[in-house]
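Trainee: When you get a sec, could you give me coordinates for this:
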Amino acid sequence: MQSFQFTRRSMQFVFSMILIGSLGGSPVAAQQANKKFADRLNSYANELMALEMVPGAAMVVVQGDKTVFQAGFGMADIGAKRKVTKDTVFYIASSTKSFTGLAAAICENRRELDLDTTLDKLLPKTNFHQQLDPSNIRFRDLLTHTHGINNNGPVSFRSAYSGQHTDEILKDLMRFHGVAANGKKYRYSNIGYNVAGLAIQNKFGISWKELLKREIFDPLKMNSTTGYVSKIDRNRLAMPYSIEPNGFKRTHYAKSDANMHAAGGLVTTTSDLAQWLKVNINRGKIDGKQLIAEAAFQNAHRSYIKQDSQYMSFSRTGYGLGWQTGSYGKEEMIHHFGGFSGFHCHISFMPKKKIGVAILINTSAGARFADQMARLAYDLLLEKPEVEKQYSKQTIEKLSSQMAKLRKRIKADRDRRAARSQVLPHPKKAYSGTFRNEQFGDVTFKVVNGKLESTMGPLWSAVEVFDGKRNMLRVELTGSGQVVQFDFGDGEQAKSFRLLGLVFERVKK
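Mentor: The predicted model follows:
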């Protein structure tokens, strides 16, 4: 495909025309400038898509109050031959945190919630671990990952994966979440937002999903953004895929209403995210109307902690209420990304430059594609010199080599697994049944069309034999492989299995 070449002078002309258009200048000139910008992004995206980096992606770029680019690439559902469009609905995983954080800031601004309120007051009937002091953990600490609660445990797992819970069950299971190894120092995790979701329900009498709808989605007319997958027409959903040695493989859609949580539980479109970027960039205003109080955004965007880390091309120096704060090059950058089996989300904006980018992808291996496209959009709008050198034929060749190496590693893994004997010492039916662990809930194994499958709430996985002689099977319930070792004792049916050091006992009928 033809590659468009820009000089620094021509780029200055392009974006001066965008500015002229936004100030009421020639609409034709503004349209032509936007077209050149769009052509360059489309051209590069098509080059990346040709490398089969991702099955599908949707992207939107905003500047000030204007959407300056929006497009879909590839397939939302390969089998159904359904293309990605601006109306395709993607799961955004941890990017949900910025919405939860803002909703809390809105409520605090109206004095309906004090973020310095402690957990002993917010959740007085919760069965906290004996090592935790709920009187020393504030709501704000939950949102800034400085709460000191160990993330590893049943509350975070059931919230994000199995969905086997009620609020009362989660409150009781908090007894298994002790003190984090690093104390109350910043450490990114989900448990803080999971607990915040419980506190919201207890405080307001509505779920975090309903609070976000009331405070954010309805005012911004984000009608395709929700924490309820069931409310979205399935023909609009982007289907999840994994990268395979040759192309992509459709994976199980592992999200339902039950496991959409305050740390990672929204689906949305780029059309809705355009609104989200605009209201953040303009601190509550869209088209000159103050839809949400400016003070709420000041609170949410403020950096409460210090960190020194890097994710792809973006540095992270702090954390706000659901937002990573840092920079891209010399420019201040606020962002939050999200990843889950079959999905990747990129949401970022430059508050001083009033530029924002959102990219939605239906494979968890989409970070490299998102990073490349976001960088190009920012570099063009910032009029960086030698932009084309950064996104040249050599760059494409380097990315192609990286993808080839990735697929080679995947093939080696597939070949290694395929070489394992699939013979078991017992009939497949002997492994069937429902098994329960007090902390993590129920896992069911059953034989379907002669093959073993496993389920755990909305999670599903095919079952492979890992080591037949030792009754060890392999599952991918959470998107990565885990080994399950069955114990038969002296019986003809498995009486239990061990997974990640936990014992799941057969449930008697």
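Trainee: Relative to G481, how far out is G433?
Mentor: Distance, G433 to G481, using Cβ to Cβ, to the nearest Å: 22 Å. C-beta here means a position set from N, CA and C on the backbone, and glycine is covered the same way.
Trainee: May I ask you to name the longest strand in this structure?
Mentor: Criterion DSSP state E: the longest strand present in the chain is strand 66-77.
Trainee: what pairs with that strand, and is each one parallel or antiparallel?
Mentor: Pairing partners of strand 66-77, with direction, according to DSSP bridges: strand 56-63 (antiparallel), strand 82-83 (antiparallel).
Trainee: any chance you could map the strands in the stretch 351-500 of the chain?
Mentor: 355-361, 433-437, 441-448, 451-456, 459-462, 464-467, 472-475, 482-487, 496-499 (DSSP state E, counting those that start in this stretch).
Trainee: Just the CA trace of the first one, in CSV.
Mentor: Included here for strand 355-361 are C-alpha records, laid out as CSV according to Å, rounded to 0.1, in the frame of the first residue of the first chain:
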residue,chain,number,x,y,z
ILE,A,355,-5.3,15.2,22.4
GLY,A,356,-6.7,11.8,23.2
VAL,A,357,-6.5,8.2,21.7
ALA,A,358,-8.6,5.1,22.3
ILE,A,359,-7.9,1.7,20.7
LEU,A,360,-9.9,-1.5,21.2
ILE,A,361,-8.5,-4.9,20.1
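Trainee: who does it pair up with?
Mentor: Partners of strand 355-361 in the sheet, by DSSP bridges, are strand 56-63 (antiparallel), strand 343-350 (antiparallel).
Trainee: and the first one, what's its mean pLDDT?
Mentor: I take that to be strand 56-63. The average pLDDT within strand 56-63 is 98.
Trainee: roughly how far is that strand from the heart of the chain?
Mentor: Centroid separation for strand 56-63 versus its chain: 16 Å, with Cα atoms, centre = their mean, to the nearest Å.
Trainee: try stretch 201-211
Mentor: 22 Å.
Trainee: Can you give the contact residues for it?
Mentor: Residues outside stretch 201-211 that contact it (Cβ atoms under 8 Å, 6 or more residues apart in numbering) are 100, 103, 107, 112-113, 122-123, 167, 196-197, 200, 214, 226-228, 260, 262, 265.
Trainee: What subset of those residues is buried?
Mentor: 100, 103, 107, 113, 122-123, 196-197, 200, 226-228, 260, 262, 265 (16 or more other Cβ atoms under 10 Å).
Trainee: Of the contacts of stretch 201-211, which belong to helices?
Mentor: Judged by DSSP state H, the contacts of stretch 201-211 include T100, A103, C107, L122, D167, A196, G197, I200 as members of helices.
Trainee: ok, the closest residue to the first one other than its chain neighbours to L211 distance?
Mentor: Leaving aside its chain neighbours, T100 sits nearest to A262 (4.9 Å; criterion: Cβ to Cβ, 6 or more residues apart in numbering). In this structure, A262 and L211 are separated by 9 Å, where distance is defined by Cβ to Cβ.
Trainee: What values do phi and psi take at P219?
Mentor: Dihedral angles of P219 (phi, psi; degrees, to the nearest 10) stand at phi -60, psi -30.
Trainee: Give the full set of residues in contact with the closest residue to it other than its chain neighbours.
Mentor: Excluding its sequence neighbours, the residue lying closest to P219 (Cβ to Cβ, 6+ apart) is L291, at 4.9 Å. Applying Cβ under 8 Å, 6+ apart to L291 gives the contacts P219, L220, V279, G284, K285.
Trainee: circling back: as a whole number, average confidence for the longest strand of the chain?
Mentor: pLDDT averaged over strand 66-77 gives 97.
Trainee: quick one: buried residues of whichever helix in the chain runs longest?
Mentor: Assignment by DSSP H gives helix 393-418 as the longest helix of the chain. By neighbour count with 16+ other Cβ under 10 Å, helix 393-418 contains the buried residues T395, I396, L399, S400, M403, R407, I410.
Trainee: In CSV, list those residues along with distance to E505 and pLDDT.
Mentor: Listed next are the buried residues of helix 393-418 as CSV, based on distance: Cβ to Cβ, whole Å; pLDDT from 0 to 100:
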residue, distance to E505, pLDDT
T395, 54, 93
I396, 54, 95
L399, 49, 96
S400, 50, 96
M403, 44, 96
R407, 41, 96
I410, 35, 96
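Trainee: just to revisit the earlier point, between G433 and G481, which is the more surrounded one?
Mentor: When G433 and G481 are compared for neighbours, G433 comes out ahead with 18 against 14, by other Cβ atoms under 10 Å.
Trainee: And that one, how far from V507?
Mentor: In terms of Cβ to Cβ, G433 sits 7 Å off from V507.
Trainee: What strand or helix carries S43?
Mentor: helix 27-50 (DSSP states H and E).
Trainee: what's that helix packed up against?
Mentor: helix 8-22, strand 56-63, strand 66-77, helix 367-381, helix 393-418 (3 or more Cβ pairs under 8 Å, 6 or more residues apart in numbering; DSSP states H and E).
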